[in-house]
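Undergrad: what follows is a predicted structure for the sequence shown.
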Amino acid sequence: MLDVIVDLRSDSPCFKQWRAFELTPENRLQLYVPPGFAHGFQTLRDDTEVEYLISEYYSPTHAAGLRFNDPQFGFEWPLQVAAISEKDRAWPDFETSPF
């Protein structure tokens, strides 16, 4: 899968910059996403399984996100986005988000 993180810390010199990492069974890499970063991924192979841990209990009322194609970040996914939840498709532009 391709895993992408975006720095959303407004006081950071890397604010709004992103990095992408390819995680495969062959390279066996893992990714730590620190507080203040957004995280998204795209599977690159069929039947990909993803597991991740979060530092707090899930709270739907506190959920926030970035839209996968927000022009603010200029990221192009390697594959056409074929399956995405309505919730993830509906996130607002970054400029109007609660971040």
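TA: Arrived safely.

Undergrad: hey, where'd the strands end up in the chain?
TA: 2-7, 18-22, 37-42 (DSSP state E).

Undergrad: for the second one, name the packing helices and strands.
TA: This means strand 18-22. strand 2-7 (3 or more C-beta pairs under 8 Å, 6 or more residues apart in numbering; DSSP states H and E). For the C-beta atoms, the positions are set from N, CA and C on the backbone; glycine is no exception.

Undergrad: kindly report the same for the first one.
TA: Contact here means 3+ C-beta pairs under 8 Å, 6+ apart; on that basis strand 2-7 packs against strand 18-22, strand 37-42.

Undergrad: most tightly packed of these?
TA: Most buried of the helices and strands packed on strand 2-7 by mean neighbour count (mean count of other C-beta atoms under 10 Å) is strand 37-42; its value is a mean of 18.

Undergrad: listing partners with orientation, what would you give for that one?
TA: Its sheet considered, strand 37-42 pairs with strand 2-7 (antiparallel) by DSSP bridges.
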